[in-house]
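**Q** Quick one, fold the following:
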Amino acid sequence: MIAVIQFDAASARLLERLGDEGRLPNLEALQARGTRIALETPAEHFPASAYQDLYRGVEVGDHGLFYPFQWAGDDQRVRLAGTFEAPPPIWDRLGRAGRSTLAIDPYECHRPGEARGELFDGWGMRERVVLERWSVPDGADRGPRRRHGRPPDVTEVFGAQTPKELRQLRERFLAAPKRVADLAIERLRERDFDLAWIVFAAPHLAGHRLWGDDALTEIYEEVDAQLGRVLEALADDCDVIACSVLGMDENTSRADLLPEMLSAVLAGPRQSRGSLVRNNRTKEPRNSEDSDSGAIWRLRGALSGRMRARIAAAMPDRMALELTARLELRGIDWSSTRAFAHPADNQGYIRFNRTGRERDGIVGSGEAEELAAQIREGLLDFRDPDGQPAVTAVDAVSERWHGAAADRLPDLVVRWRPTSSVALDAVHSPSFGTVRRHGAGSGRTGNHTDGDAWAILAPRSARVRDLGRQAKVTDITATVAAASDVPLEGLSGEPLLQR
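**A** A predicted model of the protein is given here:
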């Protein structure tokens with residue numbers, strides 16, 4: 001048997017501090033008997049892709065999934081990422097080979113099709129977007145819910161939160177790790193599995209919303225305590241991999257400002273616009289050539305998070321998700337839009353409206369390079385209130401990412417200045433004017449770092465292999481496949497353990 005346990009999206013510096021203070025004894029003990037390694041991760045450009053790399057075992061360009069709400073060029077609209085075809089997750093590969101899996105709360109994971117065993121998502125917590133409720137077999141979570149109760153709802157609604165709401169979140173995040181451990185221990189005692197994949201997602205969701213709060217350290221300590229319980233329940237000969245494929249620190253994202261920054265750049269310098277200049281809060285196009293893709297952020301700024309949460313809560317989950325997808329980029333005139341800001345909450349994503357790729361594309365292949373240069377130069381002109389550049393780089397995706405599904409990816413990734421954006425009100429460009437934030441933006445206090453992914457390899461019946469290179473997230477998937485005697489064909493990584 002092999003077990004993968006995610007201490008999900010943990011802050012590297014917070015783990016180090018708490019470890020030095022002796023407040024994470026189980027994680028420290030696991031590290032003492034194992035080998036800690038750094039993992040190469042796609043987080044510099046596509047943080048959410050780290051989970052698809054991990055669960056599917058292939059690189060970003062081969063699965064093409066990078067955000068829960070994702071552009072579909074054939075439909076000329078945003079769709080739920082789970083509706084796209086993609087390589088199978090590792091539990092489907094095991095299922096095809098007759099192997100069984102116990103999985104609890106795989107983060108941002110779509111419902112599997114061929115898995116065997118018992119899989120539960122949205123168990124420790126309910127989060128409509130990234131911990132959607134499903135189970136394998138269908139309905140398998142009904143009995144556990146009767147025994148353990150319903151999971152606390154921590155669904156994120158972008159915007160400012162009240163102190164009362166933050167206190168409620170703290171209690172719910174603290175309750176989640178024990179729910180995960182209780183179910184894992186119960187199922188491990190009930191039957192044997194070839195793979196146990198247990199995810200403690202509380203550090204991830206709490207990191208976004210409670211960064212800088214002492215409550216986050218309590219949540220890390222609680223995860224460590226429940227990690228210890230799960231480790232004790234595993235068989236003596238079980239090989240264990242504990243990991244975090246994303247880091248967490250203060251929120252530096254200015255992604256909510258990008259749609260209007262882009263619109264200003266495409267409209268051209270202020271002195272050349274003349275009467276075409278409009279107020280940067282308008283919903284109308286900035287000029288006759290390009291449309292503004294920031295309407296949804298204006299809507300979020302105009303309606304309180306509480307009101308939006310009530311509206312969403314009145315709908316079934318799938319309906320609320322579909323509505324969100326349809327509101328993204330709604331109302332854009334595609335006959336005049338050359339580029340648009342793709343939905344994002346960390347890095348900024350820009351996609352061109354390309355002919356032959358988008359259904360209503362207008363940008364020819366010969367125009368794309370010039371358009372990219374215009375956007376890059378313009379965005380780099382924006383400054384934070386202290387005069388420092390708000391954007392550190394605008395990277396061309398095609399120079400780094402390739403593969404069978406690379407055409408799903410945006411054309412440009414905007415990387416932000418690595419300083420807190422929580423209190424940021426606006427950015428300013430001498431050439432393109434001022435773009436102001438609507439409301440509190442995402443309201444997040446914490447967000448993902450470019451690196452800080454790690455794994456602790458603690459085998460009992462195998463030994464650690466030297467790959468002769470830095471380990472990658474996809475190597476974990478290959479390790480699970482090899483340990484389960486499942487073919488590695490189609491996987492990007494190599495096993496980290498060998499017998």
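
**Q** Mind exporting the C-alpha coordinates of stretch 212-223 to CSV?
**A** What follows is stretch 212-223, C-alpha atoms only, in CSV (Å, rounded to 0.1, in the frame of the first residue of the first chain):
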residue,chain,number,x,y,z
GLY,A,212,-1.7,37.1,9.1
ASP,A,213,-4.3,35.9,11.7
ASP,A,214,-3.2,33.8,14.6
ALA,A,215,-6.0,31.4,13.8
LEU,A,216,-3.9,30.1,10.9
THR,A,217,-1.3,28.7,13.2
GLU,A,218,-4.0,27.0,15.2
ILE,A,219,-5.2,25.4,11.9
TYR,A,220,-1.7,24.1,11.1
GLU,A,221,-1.4,22.6,14.5
GLU,A,222,-4.7,20.9,14.2
VAL,A,223,-3.8,19.5,10.8
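
**Q** buried residues in it?
**A** By 16 or more other Cβ atoms under 10 Å, the buried positions in stretch 212-223 come out as D213, A215, L216, T217, E218, I219, Y220, E221, E222, V223. The way it works is simple: take the backbone N, C-alpha and C, and place the C-beta from them, glycine included.

**Q** Can you tell me which of those residues comes closest to C109?
**A** Closest approach to C109 among those (Cβ to Cβ): V223, at 18.9 Å.

**Q** That closest one - that's part of a helix, no?
**A** Yes: according to DSSP: H, G, I helix; E, B strand; the rest coil, the state of V223 is that of a helix.

**Q** measure it to G61 for me?
**A** Distance, V223 to G61, using Cβ to Cβ, to the nearest Å: 32 Å.

**Q** Also L246?
**A** Distance, L246 to G61, using Cβ to Cβ: 19 Å.

**Q** same check, this time on V414
**A** V414 sits 19 Å away from G61, going by Cβ to Cβ.

**Q** Specify which residue of the two has the higher count of neighbours.
**A** It is V414, of V414 and G61, that has more neighbours when counted by other Cβ atoms under 10 Å, with 28 against 21.

**Q** Do a quick rundown of the strands in the stretch 201-350 of the chain.
**A** 239-244, 249-250, 339-342, 348-352 (DSSP state E, counting those that start in this stretch).

**Q** got the contact list for the third one?
**A** Counting by Cβ atoms under 8 Å, 6 or more residues apart in numbering, the neighbours of strand 339-342 from elsewhere in the structure are 67, 70-71, 255, 258-259, 262, 266, 290-291, 293-294, 329, 332, 348-353, 363, 371, 375, 410-411.

**Q** again, only using 7 Å
**A** Here strand 339-342 makes contact (Cβ atoms under 7 Å, 6 or more residues apart in numbering) with 71, 258-259, 262, 266, 293-294, 329, 332, 348-353, 371, 375, 410.

**Q** Now the buried members of these.
**A** Buried members of the contacts of strand 339-342, counted by 16+ other Cβ under 10 Å: 71, 258-259, 262, 266, 293-294, 329, 332, 348-353, 371, 375, 410.

**Q** SS state for A3?
**A** strand.

**Q** Could you do V427 as well?
**A** Classification of V427 using three-state DSSP returns strand.

**Q** That one: how many residues sit nearby?
**A** The burial count assigned to V427 is 27, neighbours taken as other Cβ under 10 Å.

**Q** Would you check that it makes contact with G433?
**A** No: the pair V427 / G433 is not scored as a contact, 10.0 Å apart, by Cβ atoms under 7 Å.

**Q** Where in the protein is the helix or strand with the lowest mean pLDDT?
**A** Ranked by mean pLDDT, DSSP states H and E, the weakest helix or strand in the chain is helix 305-313, scoring a mean of 71.

**Q** re earlier: as TSV, the strands of the stretch 201-350 of the chain with mean pLDDT and distance to P144 would be great.
**A** What follows is the strands of the stretch 201-350 of the chain, written out as TSV (pLDDT from 0 to 100; distance: least, Cβ to Cβ, whole Å):
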stretch	mean pLDDT	distance to P144
strand 239-244	98	24
strand 249-250	98	34
strand 339-342	97	37
strand 348-352	98	38
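
**Q** Go through these and pick out the most buried.
**A** strand 339-342 (a mean of 26; mean count of other Cβ atoms under 10 Å).

**Q** For P430, which non-adjacent residue is spatially closest?
**A** Distances taken as Cβ to Cβ, 6 or more residues apart in numbering place D381 nearest to P430, at 6.8 Å, with adjacent residues excluded.

**Q** mind checking how far that neighbour is from R111?
**A** 44 Å.

**Q** Looking at the two, which is more packed in?
**A** D381 (19 against 15).

**Q** residues contacting that one?
**A** D381 neighbours (Cβ under 7 Å, 6+ apart): S429, P430, S431, F432.

**Q** ok, those vs P316, which is closest?
**A** Set against P316, the nearest of those by Cβ to Cβ is F432 (42.1 Å).

**Q** Make sure the closest one is actually in contact with A264.
**A** Yes: with contacts counted by Cβ under 7 Å, F432 reaches A264, the gap being 4.0 Å.

**Q** In contact with D411, which residues?
**A** By Cβ under 7 Å, 6+ apart, the contact set of D411 is I350, R351, F352, A372, V397.

**Q** swap the cut-off to 6 Å and go again
**A** Listed by Cβ atoms under 6 Å, 6 or more residues apart in numbering, the contact set of D411 reads R351, F352, V397.
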